[in-house]
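>>> Pasting a predicted model and its sequence here:
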Amino acid sequence: MHSATTVAEPRPTVADFHRVNRGGGLFSESVSQWLGAVFALVAQRLGLRPTALTITNLVLGLAASVTVVALADRVAAGTVPAWVVGLVALVGWQVAYALDCADGQLARVTGQGSAAGARVDVLCDVAAQIALVAALSATAVAQRPSTPTWLIATFAGTWMVNLVTSVMQSGPNAASMVTSTSLPVRLVKLVRDYGAVIFVAGLVLMVVPALVFWVIVAFTIVNGGFLLASIAFSARASLR
């Protein structure tokens, strides 16, 4: 009489987690999603749920942004080295975003996805990005007190275009204005790749914080333009 043998299922690898990533752009797919896959693998080995990664992402992102806000005036006055605060922001934001990538990977590979988890993810993204906008705005005002209030308000409003459009482009009704995946097009799209954006923002904070004002101007124009283009694209499609 032979006893049945049970073959254990192979444990997922980093490549398995990365394979189910949802993109995000050239930088995000090449850096953030791979780092997220490593975090997802560790979380799976530790038996953590995706929401644990989501909350950790929020805590790290908020901590980095609050540090920037709290020390913005002292950096402008020269009493705190810009590179220290910038490095905290650069590393904190990047690790937080990698964890944001990891929670979805972990959910998809392990089958732990849920509507409630997805809502927590989006709400935490909103909170983290509000804090990021506050950090960049506080730095711009500290470095350049003449920064117009209307610019800060417009920057904050148009920044949310990134989050809104990314949510709208997931699901059965998703559509892209530019479907090409060629390298030149993907390089141009880096300007809206969240991983690349927070890398540049952290680098500017670390090296030349006085340029944050122009970073705000640039992204206000880019995101405002993308919003107008998205409205035109969707309106044209709805009229066909």
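Right, received. Where do you want to start?
>>> Worst mean pLDDT across the helices and strands of the protein, which element?
Between all helices and strands in the chain, the lowest mean by mean pLDDT, DSSP states H and E belongs to helix 183-188, at a mean of 58.
>>> which outside residues touch stretch 54-65?
88-89, 91-93, 95-97, 99-100, 103, 117, 120-121, 124, 127-128, 131-132, 134-135 (C-beta atoms under 8 Å, 6 or more residues apart in numbering). Using the backbone N, CA and C atoms, a C-beta is placed for each residue, glycine as well.
>>> of those residues, buried ones?
Those of those that meet the buried threshold are 88-89, 92-93, 95-97, 99-100, 103, 117, 120-121, 124, 128, 131-132, 134-135, by 16 or more other C-beta atoms under 10 Å.
>>> so of those residues, which ones are in helices?
88-89, 92-93, 95-97, 99-100, 103, 117, 120-121, 124, 128, 131-132, 134-135 (DSSP state H).
>>> Next, the buried residues of stretch 151-164.
151, 152, 154, 155, 156, 158, 159, 161, 162, 163.
>>> Stretch 108-126 now?
Quick answer for stretch 108-126 (16+ other C-beta under 10 Å): 108, 109, 110, 113, 117, 118, 120, 121, 124, 125.
>>> How about stretch 219-235?
219, 220, 222, 223, 224, 226, 227, 230.
>>> Stretch 128-148 too?
128-144, 147.
>>> Let me know the closest of the buried residues of stretch 108-126 to residue 40.
residue 109 (7.0 Å; C-beta to C-beta).
>>> Assess the claim that that closest one and residue 41 are in contact.
No - here residue 109 does not reach residue 41: they are 9.2 Å apart, not a contact under C-beta atoms under 8 Å.
>>> Mind listing the shared neighbours of the two?
12, 17.
>>> From residue 151, how far out is residue 158?
11 Å (C-beta to C-beta, to the nearest Å).
>>> in the chain, which spans are helices?
According to DSSP H, the helices that the chain contains are 14-19, 26-27, 33-46, 50-77, 82-110, 115-143, 149-168, 183-188, 194-207, 212-239.
>>> Please name the residues that touch residue 141.
72, 147, 152.
>>> Between those residues, which sits nearest residue 192?
residue 152 (20.5 Å).
>>> what are the phi and psi angles of residue 111?
phi 70, psi 30 (degrees, to the nearest 10).
>>> In terms of mean pLDDT, which of the helices of the chain ranks lowest?
Sorting the helices of the chain by mean pLDDT places helix 183-188 lowest, at a mean of 58.
>>> circling back: present the buried residues of stretch 108-126 as CSV; the columns should include distance to residue 197.
Formatted as CSV, the buried residues of stretch 108-126 follow (distance: C-beta to C-beta, whole Å):
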residue, distance to residue 197
108, 24
109, 27
110, 29
113, 26
117, 25
118, 23
120, 23
121, 19
124, 18
125, 14
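>>> from the residues you listed, which is closest to residue 12?
Of the buried residues of stretch 108-126, the one sitting nearest to residue 12 (C-beta to C-beta) turns out to be residue 109, at 5.2 Å.
>>> quick one: that closest one from residue 28, how far?
18 Å.
>>> again with residue 157
In terms of C-beta to C-beta, residue 157 sits 23 Å off from residue 28.
>>> what's the answer for residue 46, then?
From residue 46 to residue 28 the distance is 24 Å (C-beta to C-beta).
>>> And for residue 213?
With C-beta to C-beta as the criterion, residue 213 and residue 28 are 26 Å apart.
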